[in-house]
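# Build me a structure from this.
(one chain, ligands or ions: 3)
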Amino acid sequence: MKKPSLNLINSPKDLKKLCISDLKTISKDLRQFIIDVVATKEGHLGASLGVVELTIALHYVFDTPNDLLIWDVGHQAYGHKILTGRRDIFHTNRQLNGISGFPKRSESEYDAFGVGHSSTSISAALGMAIASKLKGENKHHIAVIGDASIASGMAFEGLNHAGVTKANLLVILNDNAIGIDPSVGALKQYLTNVKKGTQKQDNIFEALNFNYSGPIDGHDLPLLISELNRLKSVEGPKLLHVITTKGKGLKQAEENQVKYHAPGKFDSKTGDLLPQKTNGNEPPKFQDVFGRTIVELAKKNDKIVGITPAMPTGSSLKYMMDVFPDRAFDVGIAEQHAVTLSAGMATQGFMVFCNIYSTFLQRAYDQVIHDVALQKLPVIFCLDRAGLVGNDGATHHGVFDLAYLRCIPNLIIFAPRNEIELRNILYTAQLGLNKPIAIRYPRGRGQITDWQQPFKETPIGKGVKLKSGSDIAVLSLGSIAQNVTKAIDKIKNNEKVSHYDLRFLAPLDENLLHDIFLKYQTIITIEDSTVIGGFGSAISEFCTKHKYKNTIKTLGVPNQFIEHGTTEELHHICKIDSKNIKTLLDTLI
Ligand SMILES: Cc1ncc(C[n+]2csc(CCOP(=O)(O)OP(=O)(O)O)c2C)c(N)n1
Ligand SMILES: CC(=O)[C@@H](O)[C@H](O)COP(=O)(O)O
Ligand SMILES: [Mg+2]
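Numbers count the residues shown, from 1 in each chain. Ligands and ions are numbered 1, 2, ... in the order given. Now for the predicted structure:
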């Protein structure tokens, strides 16, 4: 008999040949394999380490891919990828042209549903279960969902529907008591009480007609296997509650679960984070400018409150939560609620800074329109991670916001070019605008180190000229201006090129635009968002409306989903990097 080894597992069929003690060896190997790759290639760590045993048990007991297995969010599915034929390419995870960091239908038949945004798994698995019934197919449908993701409205909607069906649906609640940041809310308290055995009220899942079992130790492989086998013959919707430790098997990841959610590079032996390459004088992240400025403003203005749906660390609202715990709220993965909660507070005279990643605001589109803009409530939306975010890929790029927000009446849309502009617009917004504003800024560092300048009010709807030239006008919006500046600096005849930062997509600076359209025959627009419907479209519409005949070239994210890679690589692919901009300008001069 060959020694069991992860190297021999090319599909779940190979797992099924092993006995349970061999599976324990595989779980050790799998954990180490994930640690070794993520230590150098980066990505999400803690969540996958926590579900190693669960992943093995699921593929051991169920007949995947015939049985349909859905991972909620999917950041915990590295073990699943490795066991389902992607071990040898796992080192390409999240890299350009490599495999995706999330399950993806086009990548593998084992990835039953594409994920990335949370709390979709129950609805998708229920949909599949109902479809199987209609087709007369006998298969299992399994949704694995975390304790933070199950608290989202969409997950509740799925549970609520499933509970009145006879669907063959198994929901596995992977309860590690944390999301990216510690889980929040009454459901978290309920789950804690269930674990401690102090829960007095009825079981919430049983009340929703689910067959509930657990909580069980999610690191006990034999127990998981026997429980999953038992559940195979239980009819209708069922929920298995498993308790796991996020980061299991790597001491630092267990002890510092927030940091090790996605830790960057680390030493795979010791678990220690590798020091960042730094010259000690880097410009700050836009996120830190947001976090530190809002604290500074909140000290003077007691009407300021902050809201984040489950991203306090990522957005840096954490700074305000630490200083003003009563005025800064993490509401959990609840984007829709976050927006309408903000609207409610705004009706009562509060200055609400609602910080949501651009991609996740897609969840709350109706709330932005119906609850905020229609009532002209002056909520201040801070749209973090706008533009191409890099290695998280297509599910996470914040490239649709300009298009989906521009058509909403009453909404001011601003994109700061740098940290000082972000700081000043935050200041301006809390002085009191009579309408809502969306402020979009990218992931990561800006360019200005001495950003803590005295506040200056930003005139609403005013663009600026950054460079004068004679023939061509380049119009950019927000931080992508950097790429334009770099390109212009490298051009020989750069006296022919002007550069304007419009700053506001709404209201557009029409006076400035008239000047530009009258002065330059050729106009180039550039944005780090989809060219359809966004900034370039707005400028083209202005041109048509005023019957100008200028030549307009719109640069931006093309009308296709952009996959993962570094932000620089993706800018290059979309031809909005400085090199491509320079090449274009060279051909036009
Ligand atoms: C709609 C949406 N909002 C926010 C996020 C960001 N996000 C990714 S993972 C995560 C926490 C998930 O926690 P949990 O479900 O408990 O899974 P765990 O990481 O603990 O395994 C969050 C907030 C997301 N992916 N989708
Ligand atoms: C899985 C998920 O949605 C988050 O973990 C996301 O990857 C966070 O992105 P940032 O690293 O940009 O905060
Ligand atoms: Mg969790």
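
# Just give the nearest non-adjacent residue to the one residue in the stretch 101-250 of the chain that gets nearest to ligand 3, would you?
Per CB to the ion, Gly146 is where the stretch 101-250 of the chain lies closest to ligand 3, at 3.7 Å. Where you see a C-beta, it was placed from the backbone N, CA and C, and this is true even at glycine. The shortest distance from Gly146 to any non-neighbouring residue, by CB to CB, 6 or more residues apart in numbering, is to Asn174 (5.2 Å).

# List the strands paired with the biggest strand by length in the chain, with their directions.
Ranked by residue count and defined by DSSP state E, the top strand of the chain is strand 522-530. Sheet pairing of strand 522-530 (DSSP bridges) gives strand 472-476 (parallel), strand 551-557 (parallel).

# So which of those is nearest ligand 2?
Checking the strands paired with strand 522-530 against ligand 2 by CB to the nearest ligand atom gives strand 551-557 as the closest, at 17.5 Å.

# Show me what that closest one is in contact with.
388, 397, 399, 521-531, 534-537, 539-540, 543, 574-576, 581, 584 (CB atoms under 8 Å, 6 or more residues apart in numbering).

# Around ligand 2, pick out the residues from the chain.
His44, Val73, His75, Ile180, Ala262, Gly314, Arg385, Val389, Asp392, Arg443 (CB under 6 Å from any ligand atom).

# The closest residue to the fifth one other than its chain neighbours: neighbour count?
Using CB to CB, 6+ apart and skipping residues adjacent in sequence, the residue nearest Ala262 is His44, 4.9 Å away. Using other CB atoms under 10 Å, His44 is surrounded by 25 other residues.

# Ok, Lys232 next?
14.

# For Ile142, identify the helix or strand it belongs to.
Here Ile142 sits within strand 141-146, counting by DSSP states H and E.

# hmm, who's touching the helix or strand that that strand is followed by?
On the C-terminal side of strand 141-146, the closest following helix or strand by DSSP H and E is helix 153-162. The contact list for helix 153-162 (CB under 8 Å, 6+ apart) reads 72, 119-123, 126, 143, 145, 149, 169, 171, 205, 208, 210, 237, 334, 336-337, 363.

# Just want the angle from helix 153-162 to strand 141-146.
Counting by axes from the mean of the first three to the mean of the last three CA atoms, to 10 degrees, helix 153-162 lies at 150 degrees to strand 141-146.

# Thought Tyr60 was touching Asn229, still the case?
No: if you go by CB atoms under 8 Å, Asn229 and Tyr60 don't touch, sitting 9.4 Å apart.

# sorry, back to before: C-terminal to the longest strand of the chain, what's the next element?
Sequence-wise, the next helix or strand downstream of strand 522-530 (DSSP H and E) is helix 535-545.

# So for that following helix, what gets flagged as buried?
For helix 535-545, the neighbour count (16 or more other CB atoms under 10 Å) marks Phe535, Gly536, Ser537, Ala538, Ile539, Ser540, Phe542, Cys543 as buried.

# same question, stretch 64-71
Quick answer for stretch 64-71 (16+ other CB under 10 Å): Thr64, Pro65, Asp67, Leu68, Leu69, Ile70, Trp71.

# picking that back up, in terms of neighbours, single out the busier of Asn229 and Tyr60.
Tyr60 (21 against 13).

# hmm, back to that, output the contacting helices and strands for the strand holding Ile142.
Judged by 3 or more CB pairs under 8 Å, 6 or more residues apart in numbering; DSSP states H and E, strand 141-146 is in contact with helix 52-61, strand 68-71, helix 121-135, strand 169-175.

# In TSV: those, plus distance to ligand 1 and mean pLDDT.
Below are the helices and strands packed on strand 141-146 laid out as TSV (distance: least, CB to the nearest ligand atom, whole Å; pLDDT from 0 to 100):
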stretch	distance to ligand 1	mean pLDDT
helix 52-61	11	98
strand 68-71	9	98
helix 121-135	10	98
strand 169-175	6	98
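
# In contact with the residue of the stretch 101-250 of the chain closest to ligand 3, which residues?
Here Gly146 is in contact with Ala47, Asp72, Val73, Gln76, Ser118, Leu173, Asn174, Asp175, Asn176, Gly179 (CB under 8 Å, 6+ apart).

# For burial, what's the neighbour tally of the fourth one?
When you say that, I think you mean Gln76. 29.

# Burial check on the residue nearest to it when sequence neighbours are not counted, number of neighbours?
Spatial nearest neighbour of Gln76, chain neighbours left out: Ala47 (3.6 Å); criterion: CB to CB, 6+ apart. Using other CB under 10 Å, Ala47 has 27 neighbouring residues.

# residues from the stretch 151-300 of the chain in reach of ligand 1?
Asn174, Asn176, Ile178, Gly179, Ile180, Lys246.

# so the fourth one sits right up against Ser149, yeah?
When you say that, I think you mean Gly179. Yes: counting by CB under 8 Å, Gly179 touches Ser149, with 7.5 Å between them.

# Common neighbours of those two, please.
Ile333.

# that older thread, looking at the residues of the stretch 151-300 of the chain next to ligand 1, which one is closest to Arg406?
Ile180 (30.0 Å; CB to CB).

# Great, nothing more from me.
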